[in-house]
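> Okay, predicted coordinates and the sequence, questions at the end:
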Amino acid sequence: MSDHKPKFFTRWLFSTNHKDIGTLYLVFSILGGLIGGYLSFMMRMELMDPGMQYFASPHKFSMFASMHGLLMIFFMVMPAVIGGFGNWFVPLMIGAPDMAFPRMNNLSFWLLPVALICLLISMFVPGSPSGNGFAGGWVMYPPLSTSGHPGPAFDFVIIGLLAAGFSSIFGAINFITTIFNMRAPGMTIHKMPLLAWGVLVTSWLLLLSLPVLAASLIMLFTDRNAGTGFFDPSMGGDPVMFQHLFWFFGHPEVYIMVLPAFGIISHIVSTFSRKPIFGYLGMAYAMVAIGVVGFVVWAHHMFTVGMDVDLKAYFMAATMIIAVPTGIKIFSWLATMWGGSIRMTIPMMWAQAFIFMFVIGGVTGVHMASAGLDTSIHDTYYIVSHFHYVLALGAVFAMFAGFTYWFGKMSGYLYNKWLAAAHFWFFFIGVNMIFFPQHFLGLQGMPRRYVDYPAEFAFWNKVSSIGAIVTLVGVILFLIWIIEAFWVKRKAADNYWGEEANTLEWTLSSPPPFHQYEVLPKIK
């Protein structure tokens, strides 16, 4: 088998190599994160003090909030944890020569830049009588997304999200087929590394939930442009039905972002505790349980729509049950570390921080599962704080953990540990300064998505906005350590974390050759 490498444009534009496509996803997610991060930074600067500072109109602030949510979910977290780490490492971990459908893999990636361009265009074309861009929130509820935004901006958002959705569906089909049909001899489903398990469960969630989102977006599109009335009460439609359709996708979407992160954290905790993961089968099937139960709890996002009290009781109980498989994962990570010989490397610091953050986010999630409590804090900053602890401080920390863990394997180079540690501490302190005070703002009653607020909310908003500046320093340090690693070119050994890292990908050179596995390596 030749190790011929194609020329630059052929390699990166027409690539069917899973490692190159994984790299494209990771670079794309950094770009999406920087754009989405800029929007959130400007929102926090606006909210540093009462009154209007930087935004000419409330509409523009709402547009920044809407785009921030969509960009971070569809164009940062999902491309990184599924497209990036999934493409790079699932074939290497299960001993497959590549993904099952390499050309569809290429299509999956290139749909994403098209989708991002559509979303960015939407910010600069007329959205409503009060300004450019779509300002209906990332949840896109009608009638604000139909009659409330008559301009073309939201049509661009719909087209962009449909393109991103098809990208994810194609990727999910590819991962399921690869994992079921292309495992190496002896690599049974119960011997697969936990990242492969996480990506497999996530792929099923994508395949089952995204068509529902696509259908609801198409109905919104025809309501806006073809005279239908799916969500218009005057035509016999029901706007609450859109919320059901959206959250039937939207709640599994949380686990779509977090399950691959669970897999990444499991690898890192095991490697740097110098122990196999505690309760491997329990960990694998906890992910399956989270995936299954995640589909039947969606209406806990809708406790304030006038729902029947018995229905509220069901969704409340089902939501609390998710704490059980999630708790299994938390305690298994702690049991893996317990009695282990822990090495406090940069990836291990990110992994331990992930566990700490995710527990905080999970505990507030159980709190909010109570229908009565949720009614009082619904659409306040308490909700914002909760889901950012799960995602911005959960999934994003797992992304940084995986990136620092596998950076040498992917690039062939080692990073500067001092710069990477500085990135960790600035980011860790900054994001906690942003989001922990928002619990207090929410309990005080400050509503989310508001551009201005009374003076009694000023103190914690000030602390939160200072946290955004600290976080910005962390993001700059992240970019610096990547550039420095490629500039200095410190060569990484083939298994630079030592013998503890024992899945198949660590038996290959760093970075793995363009074509791997002429002969499948043996693993201890």
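Perfect, thanks for sending it.
> which SSE is the residue lying closest to residue 82 once chain neighbours are set aside in?
Of all residues not flanking residue 82 in the chain, residue 260 sits nearest, at 5.7 Å (Cβ to Cβ, 6 or more residues apart in numbering). Quick note: C-beta positions are derived from backbone N, CA and C, even for glycine. For residue 260, the host element (DSSP states H and E) is helix 239-273.
> Which elements pack onto that helix?
Counting by 3 or more Cβ pairs under 8 Å, 6 or more residues apart in numbering; DSSP states H and E, the packing neighbours recorded for helix 239-273 are helix 85-94, helix 194-225, helix 280-293, helix 323-337, helix 346-369, helix 381-390, helix 396-411.
> That helix vs helix 280-293, what angle?
Orientation check (axes from the mean of the first three to the mean of the last three Cα atoms, to 10 degrees): helix 239-273 against helix 280-293 gives 170 degrees.
> Now do residue 507, the pLDDT please.
With respect to pLDDT, residue 507 scores 82.
> count of residues packed around it?
Using other Cβ atoms under 10 Å, residue 507 is surrounded by 20 other residues.
> go on, the one 4 residues further on?
Here the neighbour count serves as a burial measure; for residue 511 (other Cβ under 10 Å) it reads 18.
> Between helix 346-369 and the helix holding residue 260, find me the angle.
Comparing the axes of helix 239-273 and helix 346-369 via the same axes, to 10 degrees yields an angle of 150 degrees.
> What residues sit buried inside helix 239-273?
Neighbour counts over helix 239-273 (16 or more other Cβ atoms under 10 Å) mark 239-240, 242-273 as buried.
> what does stretch 350-369 give?
Buried residues in stretch 350-369 (16+ other Cβ under 10 Å): 350-362, 364-365, 368-369.
> Flag the shaky bits of the protein, pLDDT-wise.
Across the chain, the ranges flagged by pLDDT under 70 are 1-4, 516-524.
> Go ahead and report the secondary structure state at the residue nearest the centre of it.
Nearest to the geometric centre of the chain sits residue 77, at 3.0 Å (Cα atoms, centre = their mean). Secondary structure for residue 77, judged by DSSP: H, G, I helix; E, B strand; the rest coil, is helix.
> just checking, it touches residue 258?
No. Taking contacts as Cβ atoms under 8 Å, residue 77 lies outside contact range of residue 258: 9.0 Å.
> and residue 127, helix, strand or coil?
Per three-state DSSP, the local secondary structure of residue 127 is strand.
> Hmm, it is touching residue 154, no?
Yes. If you go by Cβ under 8 Å, residue 127 and residue 154 touch, sitting 6.6 Å apart.
> so what sits against both of those two?
When Cβ atoms under 8 Å, 6 or more residues apart in numbering defines a contact, the residues bordering residue 127 and residue 154 alike are residue 134.
> re the thing from before, could I get the helices and strands packed on helix 239-273 as JSON lines with distance to residue 450?
Listed next are the helices and strands packed on helix 239-273 as JSON lines, based on distance: least, Cβ to Cβ, whole Å:
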{"stretch": "helix 85-94", "distance to residue 450": "36"}
{"stretch": "helix 194-225", "distance to residue 450": "25"}
{"stretch": "helix 280-293", "distance to residue 450": "33"}
{"stretch": "helix 323-337", "distance to residue 450": "31"}
{"stretch": "helix 346-369", "distance to residue 450": "20"}
{"stretch": "helix 381-390", "distance to residue 450": "9"}
{"stretch": "helix 396-411", "distance to residue 450": "25"}
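> Name the stretch among the ones you listed that sits most buried.
The highest mean neighbour count among the helices and strands packed on helix 239-273, using mean count of other Cβ atoms under 10 Å, belongs to helix 85-94: a mean of 27.
> ok, and what's touching that one?
18-19, 21-23, 25-26, 96-99, 105, 171, 175, 178-179, 182-184, 187, 192-193, 195-196, 199, 202, 260, 264, 399, 402, 406, 410, 503-505, 508, 512, 516.
> Got a quick ChimeraX command for the buried subset of those residues?
Buried residues within those, by 16+ other Cβ under 10 Å, are selected in ChimeraX with:
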select :18,19,21,22,23,25,26,96,98,99,105,171,175,178,179,182,183,184,187,192,193,195,196,199,202,260,264,399,402,406,410,503,504,505,508,512,516
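> Now go through the contacts of helix 85-94 and say which are in helices.
Taking DSSP state H as the definition of helices, the contacts of helix 85-94 contribute 18-19, 21-23, 25-26, 105, 171, 175, 178-179, 195-196, 199, 202, 260, 264, 399, 402, 406, 410.
> you'd agree residue 288 is up against residue 201?
Yes. Using Cβ under 8 Å, residue 288 is in contact with residue 201, at 5.7 Å.
> Now stretch 39-53: buried residues?
Within stretch 39-53, the residues that qualify as buried are 39-44, 46-48, counting by 16+ other Cβ under 10 Å.
> which of those residues lies closest to residue 485?
Closest approach between the buried residues of stretch 39-53 and residue 485, by Cβ to Cβ: residue 41, at 25.2 Å.
> Counting neighbours, what do you get for residue 491?
10.
> what is it paired to in the beta sheet?
Beta bridges link residue 491 to residue 413, judged by DSSP bridges.
> Identify the residues contacting it.
412-414.
> Check the offset of stretch 131-139 from the chain's centre.
Relative to the centre of its chain, stretch 131-139 is centred 21 Å away, using Cα atoms, centre = their mean, to the nearest Å.
> Quick one: end-to-end length of it, please.
End-to-end distance of stretch 131-139: 19 Å, with Cα to Cα, to the nearest Å as the criterion.
> go on, stretch 49-61?
End-to-end distance for stretch 49-61, by Cα to Cα: 15 Å.
> Quick check, residue 415 in contact with residue 483.
No. Using Cβ under 8 Å, residue 415 is not in contact with residue 483, being 10.2 Å away.
> more neighbours, those two?
Neighbours were counted for residue 415 and for residue 483 using other Cβ under 10 Å; residue 415 has more, 22 against 11.
> which ones are touching the more buried one?
Applying Cβ under 8 Å, 6+ apart to residue 415 gives the contacts 404, 407-408, 481-482, 484-485.
> can you confirm residue 453 is in a helix?
No. Applying three-state DSSP, one finds residue 453 to be coil, outside a helix.
> My guess is it contacts residue 444. True?
No. Using Cβ under 8 Å as the test, residue 453 is too far from residue 444 to be in contact (9.9 Å).
> Looking at the two, which has the bigger crowd around it?
residue 453 (18 against 15).
> Tell me how far the more buried one lies from residue 462.
The spacing between residue 453 and residue 462, counted by Cβ to Cβ, to the nearest Å, is 11 Å.
> same thing with residue 259?
Distance, residue 259 to residue 462, using Cβ to Cβ: 36 Å.
> and residue 28, backbone torsions?
Residue 28 adopts backbone torsions of phi -60, psi -40, taken as degrees, to the nearest 10.
> Nearest spatial neighbour of it, chain-adjacent residues omitted?
Using Cβ to Cβ, 6+ apart, the closest residue to residue 28 is residue 79 (5.3 Å).
> so who does that neighbour touch?
Listed by Cβ under 8 Å, 6+ apart, the contact set of residue 79 reads 25-26, 28-29, 32, 112.
> Next, the nearest residue to residue 454 once chain neighbours are set aside: phi, psi?
Counting by Cβ to Cβ, 6+ apart, residue 454 lies nearest to residue 50, which is 6.9 Å off, once chain neighbours are set aside. Phi and psi for residue 50, reported as degrees, to the nearest 10, are phi -60, psi 160.
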